[in-house]
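Participant: Next one to model:
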Amino acid sequence: MAVPIPESLAVPSVLVSIDEAHGLLRGTPYEPSKSTIRRWIPRHGMFVRRIDGCDYVGMDELVTAHREETAARLRAAARKRERSKS
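Facilitator: This is a model prediction of the structure:
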């Protein structure tokens with residue numbers, strides 16, 4: 001009988017390296033640097049797997065973190081525009 005793995009312990013099905021993540025997010029409205037993606041790891045509780053000295057993150061978590069960071073930047077820009085109108 002198979003034992004279900006708690007979601008918090010599940011390994012993402014698609015892993016991408018930090019370099020690949022940077023390349024995938026190139027051309028998006030919020031184009032993060034490699035160091036920014038590394039800062040997202042603890043901030044968003046992203047799963048990290050080190051393979052042969054290279055860090056890999058889950059693609060689904062990467063996309064979620066990017067969406068949340070982009071939304072936060074857009075909200076901050078909107079607040080800044082509202083303050084400058086006053």
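Participant: Select the longest helix from this structure.
Facilitator: Determined from DSSP state H, the single longest helix within the chain is helix 59-85.
Participant: Okay, buried residues for that helix please.
Facilitator: Under the neighbour-count criterion of 16 or more other CB atoms under 10 Å, helix 59-85 has 59, 61-62, 65-66, 69 buried. C-beta coordinates here come from the backbone N, C-alpha and C atoms, glycine included.
Participant: Between those residues, which sits nearest residue 16?
Facilitator: residue 59 (5.4 Å; CB to CB).
Participant: Give me the pLDDT for the closest residue to residue 14 other than its chain neighbours.
Facilitator: Take residue 14 and drop its neighbours on the chain: the residue closest to it by CB to CB, 6 or more residues apart in numbering is residue 59, 4.1 Å away. We have a pLDDT of 93 for residue 59.
Participant: Include distance to residue 22 when you put the buried residues of helix 59-85 into CSV, please.
Facilitator: CSV is the format used below for the buried residues of helix 59-85 (distance: CB to CB, whole Å):
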residue, distance to residue 22
59, 13
61, 15
62, 10
65, 13
66, 11
69, 14
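Participant: Sounds good, over and out.
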